[in-house]
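1. quick one, structure for this:
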Amino acid sequence: MRVVMMTAGSRGDVAPYTGLGAGLVRAGHEVTLAAHGVFAPLVAGSGVRFHPLPVDPRAELRSGRGRRLGGARTGAGRLLRLAAMARAAADEMTASLVEAARHADVLLVGGALGPLGYALAEGLSVPSVGLHLQPLHPTREFPPPILGARSAGPRADRLGGLAVAAAAGAVSAGPVRALRRRYGLRASGAWAAHRARERGGWPVLHGFSELVVPRPRDWRAGLDVAGYWWPHETERRLPDAVEAFLAAGPAPVFVGLGSATVPDPGRVGRRLVRAVRAAGLRGVVQRGWAGLAADGADMLVVDEVPHALLFPRMAAVVHHAGAGTTGAALRAGVPSVPVPVQFDAAFWASRLVALGAAPAAVPLRGLTAVALADALRRATAADSYRVRAGELAAGLAAEDGVVPVLAALERSAR
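-> Alright, predicted model coming up:
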């Protein structure tokens, strides 16, 4: 079967699909990943073909429009600014998405492209399945992740989820209308299209574990949790410099903010490093998109290093609480200290704390070396966090997130 997966966003929005795609290739499918061109190296050696999409998300986040995201003080404010940025990107990507999907037998649509991918599949008359990395559908059990972790009550949480769904539809409204005109489909508004998908039972699989986020009881049929899709990685060992640093002393802590960007990387980096030292620990600092830096014999600065190889060797992981990095820390069985920065990070940070794998979240807004050092001491001194993380890692090791996707492909073929 010719499978086209499509996604958009940062590295964390792309990397999980490389591992999923590799699993589908091993099962005999021909798989193409359509994603921003800068991420082409992520599929190397996986057997997955790559179709480049325009837009460089790192450049977007560093633009004036992207920097304004960090200035929003509320979830609603961030959502509005993100929607404006995403709307322009969707317009740019539509033609390339059509080109990628034209010869597909089935489309697997990443969450950010949900409404657009669904309309494209409808226009081409091919089956489609949603692949979400976050629980995007409205529920009474928790607030929509992009609006934060603070619940306003079951009814308000669900209404917030509906508002986010409406905003996602509005982002894609222009490109969707263009697709409908192109294929002679009946035009419909963003909200009507959302209701049509829901009433039609559009299947959506979620790439996280029920051990981390149990499936909401009020979700409709067809919304299922598959388990994590781990990124495809070709490296079998850590770089020599990393191995030498690990051998030179006790287990360090990892410090990284992944694809998150921050207004003042130098100041943030200095606070992070001061906290590690105040806790009496060594650190492996990942530059990431924020451009973090550190010096001194007790700190090693790295670029991209496979989390699956590095994290199990750490005493704890200080991270931005993106969906993928949260999963990687749990998979490694080590304690976390989440420093949520933007988007859905506060949601995943709250899950880590609730699961007992992290002592506390230390949000970037208001970050101090004192608060982070205290959290690091608790994470590394108390056995309970490592024990709980190890229990969760054992559970995740028994899951295979590719299997439900293969089953969905079989159903679509029928």
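
2. where does this protein dip in pLDDT?
-> In the predicted model, the chain carries pLDDT under 70 at residues 60-88, 185-194.

3. domains in it, as residue ranges please.
-> Domain ranges of the chain: 2-228+400-413, 240-397, per automatic domain parsing.

4. just name the most buried of these.
-> Highest mean neighbour count of those: domain 240-397, a mean of 20 (counted as mean count of other C-beta atoms under 10 Å). Every residue, glycine included, has its C-beta placed from N, CA and C.

5. and that domain, how far apart are its ends?
-> For domain 240-397, the separation between the terminal residues is 27 Å (C-alpha to C-alpha, to the nearest Å).

6. for stretch 249-264, same thing?
-> 31 Å.

7. show me the helices in the stretch 51-200 of the chain, by range?
-> 57-62, 64-67, 75-101, 114-124, 154-171, 173-183, 190-199 (DSSP state H, counting those that start in this stretch).

8. can I get these in TSV including distance to residue 385?
-> Shown next, in TSV, are the helices of the stretch 51-200 of the chain (distance: least, C-beta to C-beta, whole Å):
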stretch	distance to residue 385
helix 57-62	31
helix 64-67	34
helix 75-101	28
helix 114-124	35
helix 154-171	28
helix 173-183	45
helix 190-199	39
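
9. the strands in the stretch 301-414 of the chain, which residues?
-> In the stretch 301-414 of the chain, the strands defined using DSSP state E, counting those that start in this stretch lie at 316-319, 336-338.

10. would a markdown table of those strands with distance to residue 196 be doable?
-> Shown next, in a markdown table, are the strands of the stretch 301-414 of the chain (distance: least, C-beta to C-beta, whole Å):
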| stretch | distance to residue 196 |
| --- | --- |
| strand 316-319 | 38 |
| strand 336-338 | 37 |
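
11. which of the helices of the stretch 51-200 of the chain sits closest to residue 237?
-> helix 57-62 (27.6 Å; C-beta to C-beta).

12. related to what we said a few turns ago, can you redo the domains of the chain as a markdown table with distance to residue 234?
-> A markdown table is the format used below for the domains of the chain (distance: least, C-beta to C-beta, whole Å):
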| stretch | distance to residue 234 |
| --- | --- |
| domain 2-228+400-413 | 4 |
| domain 240-397 | 9 |
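
13. ok, residue 281 - contacts?
-> 250, 252-253, 315, 376, 380 (C-beta atoms under 8 Å, 6 or more residues apart in numbering).

14. and what of residue 354?
-> By C-beta under 8 Å, 6+ apart, the contact set of residue 354 is empty.

15. before we move on, what about residue 107?
-> Neighbour list for residue 107: 4-6, 101, 117, 120-121, 124, 126-129 [criterion: C-beta under 8 Å, 6+ apart].

16. ok, back up a step: so which of the helices of the stretch 51-200 of the chain gets nearest residue 245?
-> Comparing the helices of the stretch 51-200 of the chain against residue 245 with C-beta to C-beta, the closest turns out to be helix 57-62 (26.8 Å).

17. touching, residue 215 and residue 226? I think so.
-> No - taking contacts as C-beta atoms under 8 Å, residue 215 lies outside contact range of residue 226: 10.4 Å.

18. pull the residues that contact stretch 233-249.
-> Stretch 233-249 is contacted from outside by 19, 44-45, 252, 282, 284, 298, 300, 302, 305-306, 308-310, 313, using C-beta under 8 Å, 6+ apart.

19. go again using 7 Å as the cut-off
-> Residues from elsewhere that reach stretch 233-249, judged by C-beta atoms under 7 Å, 6 or more residues apart in numbering: 44-45, 282, 300, 302, 305-306, 308-310, 313.

20. that one: end-to-end distance?
-> 27 Å.

21. my guess is residue 351 meets residue 212, correct?
-> Yes - between residue 351 and residue 212 there is a contact at 5.8 Å, judged by C-beta atoms under 7 Å.

22. one step back: ok, which pair from the contacts of residue 281 is furthest apart?
-> By the measure C-beta to C-beta, 250 and 376 form the most distant pair in the contacts of residue 281, at 13.4 Å.
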